[in-house]
Each structure stands twice: as structure tokens, then as C-alpha cells.
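J.: Dropping a prediction and its sequence here:
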Amino acid sequence: MAINKEQVKSALSQVLHPQEKKDIISLNMVQDILVQEKYVSFTLEFPEKNDKLEMALTTACENAIHKFIDKDAVVDIQTGVNISLKRGAEEQQQAEQPQQQQEVLPGVKNIIAVASGKGGVGKSTVAVNLAATLAEKGFKVGLMDTDIYGPSIPTMFNLFDRPNITTQKKLIPLEKYGIKLVSMGFLVDVNQAMVWRGPMATSAIKQFMTDVEWGELDYLIMDLPPGTGDIQLTIVQTVPLTGSVIVSTPQTVALDDARKGVAMFQKVKVPVLGVIENMAYFVPPDMPDKKYHIFGKGGATLLAQELNVPVLGEIPLEQTVREGGDNGKPIVLADKDSAAATAFMEAAGNMEQQLALRKAKEGPTEKVEIKFRP
Ligand SMILES: Nc1ncnc2c1ncn2[C@@H]1O[C@H](COP(=O)(O)OP(=O)(O)O)[C@@H](O)[C@H]1O
Ligand SMILES: [Mg+2]
């Protein structure tokens, strides 16, 4: 069937501008749409030259047309500069200025917790790859490893430096692949952290939020420890989380635990943006077209239905994912064409959309005040 202009507009209205948080149609960035049978061409206009953003948005547009209209569509995108867009964006930004400022992490637009009920399901792997995907897209990203007792970010980034402290006694995050990083693993010997008592751990986490120079960020991804303990509670009480992403494997036991994780967020009214099913299927390295559902199939879909949230992605079990974790280079950067990298990128895109939807529907999340009975 021949494609029409309206379909193109509607598909492109699903493509979000990473910094503006609006779709490219509402931002007036799409001009000169031409359609003929399966051929689609248009111009993407930018307020100023920005190669990285142009590349990211061009790819996102192509994907949107293939996904929402026709996978065989031939897409031809020109890019151009239109400075009047810049003025429009600045005016809009000024109009949006008098927003309520949050006291903790004032420069951070979105705070996302990556959680699970159980350890070892790949929470840190998901958090790292989401952060890396968002940074690749041109967002300003931070990643906070809140697993005090089992920090994994240092290994996953192959980074073991000590962060600097400013004269105001603020910690400066380390940086790699364009991601600002903070982990207990950068500060103390891992074996030392293991013997910490609960109150010490929670006060350390509080400091990660209040005494770190995170600066301006589009996304702060928090890699949570497994379960629903003190650290998770401290986090929801200290900052208004924008949303949470639940990681689970297809196994029933893992899903039961995931339900508990979700229940905690729902109780404190943090929106659950969706479920990411990790280790969803196995792809043998020598047979990349084969899929084996070794842990079962469809579990995350059931959980998502039960919670009325979407499945944001299904990440395959691939040897290179683990190797990426062990070698300090996330798979989305080490092997962009792998099935796992593609799945992570799709999950990140779906997460952005869920966030945009949520923001359009409801106001900002508030910090949770837990009241104890006398
Ligand atoms: N999709 C995957 N494919 C292969 N290995 C994975 C995948 N996801 C996670 N792993 C590996 O499983 C182990 C546990 O993952 P991790 O992210 O540390 O889990 P968690 O943070 O939930 O405890 C790590 O060695 C990691 O590299
Ligand atoms: Mg972990």
C-alpha cells in the first residue's frame, strides 16, 4: 500500500528530541515531506549544526518510519540549519523557567531507578547499557551505583580511580564514555564496604545524592541493590524519583521477586515505567539468527500486563554482554550491531517515550514522606 503524508507525520511525532523533551513534529523540525509509493523524503531542520544529534535523530526517524509504517519504506532524509528554531526553543525555555525547583539534585531532569527483586538478574548490566545508550544519543547522563555492599560499576567501566573532592567538600564524579559515575567502589575497598552497618550505608547513599557535583543532567540512572531494603527506602525518601524500571528474567521465581520490587514503588507512588526482561532468550554466537528461550517465555509480558505497564524490552542472553561487563565496555558501545545492543537501544527508546507520556499526563513526582506512627 502506498504511504501517505499523514502517516509520516504521525510516525515522526513518536521521535523525541533528546534535550527538548518534545517530538520533532511539535518542534517544527520536519519540513518538505514528500511521499511516493514506498519512497519517503523530508528535511530535518536544526537550530544549529550538531553532527551527533543529526545522526541520532536521522536514525530515529528512519526507525520510526520502518516500525510504524512500512519496514520496506525507502527513507531519504536531508538535514539543514534553521536559526529561527533556536529562538523558538529559547523563548519556550524561558516560558518554562518558573518551575518548582527540587532541593536535592536540582540540576537533574529525570531520576530513574533500575530495580529488581532479586540479585543477579542483570540490573547493573541494564542500568549501564541504558546510561550508555542515552549518552550516545547526546543526553547528559549520570549513573549512580547505589549497591554499597556489592558495587559493580567500577568493573563494568574498568575504572578504579579515586574521585576528587572540591574545597566545598563535594565529590566530583568520575567520567567515562560521557557518563558521570559515582560508586562506593571508587571510594573504599570493596571488602571494607562489606562490613558496614546499615546506618552507615544509608548515610553514604544520602551523600551520593546531596554531596556530589552532578551538575546539569538529563538523566540520572540509579542502579539499585536487589530487594526492598533500607537503601531503596532512603532513596525514595530523599529524592523525587521520576520513574522506575523493573528488571526481571523469564523465570517464575525471578518474577515473583520482581512483583515485590514493583509493590514497593507503587506503595510510595513512584511510577513504574515498565519491565525489561533480561536473559529473555539465548543467541548462540555461531548461529546469530537462532533464539532459544532457555528460561521460559512470556513471563515478563504477564507481569507487565498484571501491572498495567509495558514491556520496555527483551534483552537476549549473549556471551558478549557478560564480556562487555567484565571488560569495562558496555555492549551498546562495544558491538552496536549485536542483538543485545539493538535490544538495549529499543528499551531505552521505549523508556523515553513512557517518560514523556507520563510527564504529559501527570505532574512531577514528589519526594515521599514516610510517616511513622508514634
Ligand atoms: N543479557 C545478558 N547476557 C549475558 N550475560 C548477562 C546478561 N545480563 C547480565 N549478564 C551477566 O550476569 C551477571 C549478573 O549481572 P548484573 O548486571 O551484575 O546483575 P545484578 O546487578 O542484577 O546483580 C554479570 O556477570 C553479567 O555480565
Ligand atoms: Mg548489580
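T.: Now that the structure is in, tell me what you want to look at. Residues are numbered from 1 along each chain as shown. Ligands and ions are numbered 1, 2, ... in the order given.

J.: what's the distance between the residue lying closest to K22 once chain neighbours are set aside and ligand 1?
T.: Spatial nearest neighbour of K22, chain neighbours left out: L16 (6.9 Å); criterion: C-beta to C-beta, 6 or more residues apart in numbering. In this view, the C-beta of every residue, glycine as well, is placed from N, C-alpha and C. Using C-beta to the nearest ligand atom, to the nearest Å, one gets 26 Å for the distance from L16 to ligand 1.

J.: Ok, P330 next?
T.: According to C-beta to the nearest ligand atom, P330 and ligand 1 sit 10 Å apart.

J.: likewise G185?
T.: G185 is 13 Å from ligand 1, by C-beta to the nearest ligand atom.

J.: tell me, how many neighbours does that residue end up with?
T.: Residues contacting G185 under the criterion other C-beta atoms under 10 Å number 23.

J.: Which pLDDT does the model give the residue nearest the centre of the chain?
T.: Closest residue to the average C-alpha location of the chain: L130 at 4.4 Å, with C-alpha atoms, centre = their mean. Reported pLDDT at L130 in the predicted model: 98.

J.: quick check, the one helix or strand it maps to touching ligand 1?
T.: Secondary structure from DSSP states H and E places L130 in helix 123-136. Yes: Helix 123-136 reaches ligand 1 (C-beta under 6 Å from any ligand atom) through K123, S124, T125.

J.: give the contact list for V128.
T.: Neighbour list for V128: L143, I153, M156, F157, D223, G325, P330 [criterion: C-beta atoms under 8 Å, 6 or more residues apart in numbering].

J.: Which two among those are spaced furthest apart?
T.: The most widely separated members of those are L143 and G325, with 13.6 Å between them, by C-beta to C-beta.

J.: Which one's more surrounded, the two?
T.: Neighbours per residue (other C-beta under 10 Å) separate L143 from G325, with L143 holding more: 29 against 20.

J.: List the neighbours of whichever strand or helix holds I205 that are in contact with it.
T.: In this structure, I205 sits in helix 198-210 according to DSSP H and E. Residues outside helix 198-210 that contact it (C-beta under 8 Å, 6+ apart): 104-105, 144, 146, 148-149, 171, 182, 184, 196, 230-231, 234-235, 238-239.

J.: what about the residue in the stretch 1-150 of the chain that ligand 2 sits nearest to, neighbour count?
T.: Nearest residue of the stretch 1-150 of the chain to ligand 2, counting by C-beta to the ion: S124, 3.3 Å away. By the criterion of other C-beta under 10 Å, S124 has 26 neighbours.

J.: Spatially, and excluding backbone neighbours, which residue is closest to it.
T.: S152 (4.4 Å).

J.: just the strands in this structure please.
T.: For the chain, strands defined by DSSP state E occupy the ranges 30-36, 39-46, 74-81, 108-115, 141-145, 174-176, 179-183, 217-223, 243-248, 272-282, 311-317.

J.: In CSV, list those strands along with distance to ligand 1 and mean pLDDT.
T.: Shown next, in CSV, are those (distance: least, C-beta to the nearest ligand atom, whole Å; pLDDT from 0 to 100):
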stretch, distance to ligand 1, mean pLDDT
strand 30-36, 36, 91
strand 39-46, 33, 92
strand 74-81, 30, 90
strand 108-115, 9, 94
strand 141-145, 10, 97
strand 174-176, 17, 97
strand 179-183, 12, 97
strand 217-223, 7, 97
strand 243-248, 6, 92
strand 272-282, 5, 93
strand 311-317, 4, 94
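
J.: Of all these, which one is nearest Y292?
T.: Closest among these, using C-beta to C-beta: strand 272-282, at 4.4 Å.

J.: Now the stretch 251-374 of the chain against ligand 2: closest residue?
T.: Closest approach between the stretch 251-374 of the chain and ligand 2, counting by C-beta to the ion: G325, at 9.9 Å.

J.: so that residue touches F157, yeah?
T.: No: between G325 and F157 there is no contact under C-beta atoms under 8 Å: 9.7 Å.

J.: What ranges does the protein have for its helices?
T.: Taking DSSP state H to define them, one finds helices in the chain at 5-12, 51-68, 83-96, 123-136, 153-157, 184-187, 190-194, 198-210, 230-238, 252-267, 299-307, 319-327, 331-334, 339-361.
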